[in-house]
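Novice: Here's a sequence, model it:
(one chain, ligands or ions: 1)
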Amino acid sequence: MCGIVAYMGEKQAYPILINGLRRLEYRGYDSAGVALLREGDLNVYKCQGKVSDLEAHTMGKELGGTVGIGHTRWATHGPPNDVNAHPHQSTSGDLALIHNGIIENYAAIKEELLHRGHSFQSDTDTEVLVHLIDDIQRSEGVDLAEAVRLALNSVVGAYAIVVLDRKDPDVMVAARKSSPLVIGIGDGEHFLASDATPIVEHTKNVVYLEDGEIAVIDRRKGLKIRNIKNQVKTPFIQELEMHLETLEKGGYDHFMLKEIHEQPRSIRDSMRGRLNLAKGEVVLGGITDYEQKFVQAKRILIVGCGTSWHAGLVGEYLFEELARIPVEVEYASEFRYRNPVINEDDIVIAISQSGETADTLAAIELAKGKGATIIGICNVVGSSIARVTHAGSYTHAGPEIGVASTKAFTAQVTVLTLMALMIGQRKGTIAGSRFHRLLNELDAIPAKVEKVLQGEAQIKYIADIYKEASNALYLGRGYSFPVALEGALKLKEISYIHAEGYPAAEMKHGPIALIDEEMPVFVIATKGASYEKVVSNIQEVKARKGKIIAIVTEGDTVVDGLADHVIGIPDTADPLVPLLSVIPLQLISYHIAVMRGCNVDQPRNLAKSVTVE
Ligand code: M6R
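Specialist: Model prediction:
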């Protein structure tokens with residue numbers, strides 16, 4: 001949560017910062033601010049609202065300067081308002097600091113600083129940190145970098161920070177612990193940002209700062225890195241593989257819609273080089289060294305949050321059916337706090353689009369500490385989770401900007417399917433003929449997704465009918481149960497309609513009481529193992545006058561006669577149905593949210609990357 005960006009070079013900083021903040025706005029959008037250093041002045045502008053509000057706020061003001069920092073906030077400590085917006089300053093006004101994370105012991109530090117005569121303007125934990133750095137700088141007579149290092153030694157929590165000092169305008173100091181920070185190295189210029197998206201259009205050379213490292217960017221001496229124990233570190237420069245066009249809307253009204261439509265490609269990219277039809281094999285290079293561990297594993301634990309947790313549930317069905325390994329799927333936030341039983345021969349699969357989710361990171365650390373093997377499934381290359389896991393497979397979905405996760409889900413499920421197939425084949429738990437049939441079916445999925453997307457006009461028509469609903473139910477069984485949960489999450493997070501996902505048969509144990517003629521019930525009723533049972537569940541809803549929108553296998557005539565609306569998807573094997581059935585549910589949510597006038601890409605109270613617990 002919160003996006004930070006900084007620049008030092010020959011160009012004017014302000015346009016670079018604003019552009020960078022726009023790219024990072026998915027991380028938080030309740031207030032924004034910049035600080036610019038120019039000829040001995042430190043100009044700070046900040047306000048409640050979005051980056052566009054900040055631009056309006058700065059209109060006509062002094063915006064010159066070739067050094068600057070910028071921040072877009074997702075509030076934790078203190079409500080979203082002008083005062084709590086970043087950057088925060090020291091009392092003298094010499095220092096300005098931006099922060100992504102939480103300083104957990106801020107109250108104790110604040111009390112100490114109050115005794116020492118400091119006064120505070122905001123409710124934030126961040127303001128405490130800038131005062132602490134200022135206090136150390138003065139009392140110890142040290143430069144900014146050393147003051148930052150000493151201050152961070154007494155801080156508990158998570159941070160990515162960048163600090164400017166009016167007295168030393170050619171130096172910028174940054175540091176990170178548990179919150180991401182990327183440094184872009186250009187020609188005579190440096191960039192800092194929460195992720196590479198603000199950097200990619202300026203340079204492809206980046207350094208991912210490691211936990212506990214402090215970067216000092218000096219206009220004359222360039223970049224130096226040391227850690228908070230004062231040990232010098234050698235920057236490891238990597239080349240970015242990101243492309244600018246993947247960060248633009250590309251003609252779509254919203255990132256979410258673009259990302260939904262990208263799924264034929266993103267699923268294909270997640271299979272590329274891994275699924276080899278000619279050889280009849282699956283090879284996930286990132287985990288081949290751990291193949292034997294998988295084969296011998298007594299248990300797999302899957303951890304994740306939100307949509308990634310839903311993908312994990314699909315993974316449970318896949319691994320149990322295809323590789324015959326018992327699986328437990330855990331909310332990372334629960335897992336980390338309940339002293340779970342973890343053994344050294346357990347495999348923990350951590351799933352995360354951003355690779356930065358705080359709860360998932362903490363769950364990994366816990367399991368790692370107990371000796372388990374940790375396998376990551378992440379989308380963001382170089383992200384914290386990708387770096388702390390023992391091994392893993394990236395999803396190649398490309399940047400996902402819309403807060404509602406769409407293409408990341410199908411890419412995660414694709415990678416989980418490949419993993420389960422690969423391990424199942426090595427273990428001999430899938431019959432050869434079935435294995436080959438599933439490979440062929442998986443290979444055909446992108447084209448089938450394309451076909452589902454062609455039905456968007458019908459989905460829009462259905463969205464229009466149900467756009468005023470106050471509640472909705474989503475039902476599915478087997479592989480479609482996690483899809484029901486995902487459909488409900490999509491609807492509630494972007495359209496603010498209350499929605500619940502249930503295993504279809506569980507409905508009669510409670511939720512059925514909610515059904516009346518006002519209740520839209522989305523049912524995944526594709527041909528397969530549970531088809532007849534789901535048809536019975538549809539009958540039960542129908543008998544109570546619920547409105548049924550059914551996702552069916554193309555050509556189905558039985559459900560067609562029962563449901564109010566049917567959306568046909570191409571036939572495929574049961575384990576692959578989630579990759580198709582989720583698409584209409586994503587589109588329904590998108591169109592309902594647009595029709596309700598909601599901000600689809602930046603829903604209220606949410607942020608894309610949840611880096612606080
Ligand atoms: O980046 P992650 O996959 O770890 O994020 C997990 C959740 O925060 C995320 O899936 C969230 O639930 C989305 N807003 C769902 O659309």
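Novice: how many neighbours does R426 have?
Specialist: R426: 15 surrounding residues under other C-beta atoms under 10 Å. Bear in mind the C-beta positions are built from the backbone N, C-alpha and C, glycine included.
Novice: where's the nearest residue to it once chain neighbours are set aside, which helix or strand?
Specialist: Once flanking residues are discounted, R426 sits nearest to V295: 5.4 Å by C-beta to C-beta, 6 or more residues apart in numbering. Assigned by DSSP states H and E, V295 belongs to helix 291-296.
Novice: got the contact list for the helix or strand following that helix?
Specialist: The helix or strand immediately downstream of helix 291-296 is strand 299-304, counting by DSSP H and E. Defining contact as C-beta atoms under 8 Å, 6 or more residues apart in numbering, one finds that strand 299-304 is touched by 311-312, 315-316, 319, 325-332, 335, 340, 342-343, 345-352, 357, 360, 363-364, 367, 372.
Novice: Weed out the non-buried ones from those residues.
Specialist: When the contacts of strand 299-304 are checked for burial by 16 or more other C-beta atoms under 10 Å, the buried set is 311-312, 315-316, 319, 325, 327, 329-332, 335, 340, 342, 346-352, 357, 360, 363-364, 367, 372.
Novice: Now, those residues that are in helices?
Specialist: 311-312, 315-316, 332, 335, 360, 363-364, 367 (DSSP state H).
Novice: Pick the one among those residues closest to E291.
Specialist: Among these, G315 lies closest to E291 (C-beta to C-beta), at 16.9 Å.
Novice: Surely that closest one is in contact with V329?
Specialist: Yes - judged on C-beta atoms under 8 Å, G315 makes contact with V329 at a distance of 7.2 Å.
Novice: Could you pick out the residues of the protein near the ligand for me?
Specialist: Residues of the chain lying close to the ligand by C-beta under 6 Å from any ligand atom are 305-308, 352-354, 357, 360, 403-405, 489, 493, 606, 609-610.
Novice: at 8 Å instead, please
Specialist: 304-310, 351-357, 360, 379-380, 385, 403-406, 408-409, 489-490, 493, 606, 608-610 (C-beta under 8 Å from any ligand atom).
Novice: for the closest residue to the ligand within the chain, what are its contacts?
Specialist: In the chain, the residue that lies nearest the ligand is G306 (1.9 Å; C-beta to the nearest ligand atom). The contact partners of G306, taken as C-beta under 8 Å, 6+ apart, are 405, 489, 610.
Novice: State the helix or strand in which the second one lies.
Specialist: Which is L489. Element membership for L489, per DSSP H and E: helix 480-495.
Novice: Can you tell me how far the residue of the chain closest to the ligand is from G222?
Specialist: For G306, the distance to G222 equals 40 Å [C-beta to C-beta, to the nearest Å].
Novice: ditto for T246
Specialist: Counting by C-beta to C-beta - T246 and G222 are separated by 30 Å.
Novice: Which residue of those two possesses the greater neighbour count?
Specialist: T246 (16 against 12).
Novice: Am I right that that one is in a helix?
Specialist: Yes - with DSSP: H, G, I helix; E, B strand; the rest coil as the criterion, T246 is assigned to a helix.
Novice: show me the contacts for it.
Specialist: For T246, the contact set (C-beta under 8 Å, 6+ apart) comprises 398-399.
Novice: Would you map the strands across the stretch 451-600 of the chain?
Specialist: For the stretch 451-600 of the chain, the strands defined by DSSP state E, counting those that start in this stretch cover 471-476, 498-503, 520-525, 547-553, 565-569.
Novice: For these, could you give me JSON lines that also reports mean neighbour count and mean pLDDT?
Specialist: Below are these laid out as JSON lines (neighbours: other C-beta atoms under 10 Å; pLDDT from 0 to 100):
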{"stretch": "strand 471-476", "mean neighbour count": "26", "mean pLDDT": "96"}
{"stretch": "strand 498-503", "mean neighbour count": "20", "mean pLDDT": "96"}
{"stretch": "strand 520-525", "mean neighbour count": "28", "mean pLDDT": "97"}
{"stretch": "strand 547-553", "mean neighbour count": "24", "mean pLDDT": "97"}
{"stretch": "strand 565-569", "mean neighbour count": "21", "mean pLDDT": "97"}
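Novice: and L514, which of the ones you listed is closest to it?
Specialist: Go through the strands of the stretch 451-600 of the chain one by one with C-beta to C-beta and the one that ends up closest to L514 is strand 471-476, at 6.7 Å.
Novice: How far off centre is the closest one?
Specialist: 24 Å (C-alpha atoms, centre = their mean, to the nearest Å).
Novice: Same check on stretch 406-425?
Specialist: 18 Å.
Novice: same question, stretch 130-141
Specialist: 35 Å.
Novice: pull the CA atoms of it into CSV?
Specialist: What follows is stretch 130-141 as a C-alpha-only set of coordinates in CSV (Å, rounded to 0.1, in the frame of the first residue of the first chain):
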residue,chain,number,x,y,z
VAL,A,130,11.2,12.1,10.0
HIS,A,131,11.5,13.8,13.4
LEU,A,132,13.6,10.9,14.7
ILE,A,133,16.0,11.3,11.8
ASP,A,134,16.2,15.0,12.3
ASP,A,135,16.8,14.6,16.1
ILE,A,136,19.6,12.1,15.5
GLN,A,137,21.1,14.4,12.8
ARG,A,138,21.3,17.3,15.2
SER,A,139,22.2,15.5,18.4
GLU,A,140,24.9,13.2,16.8
GLY,A,141,26.2,15.8,14.3
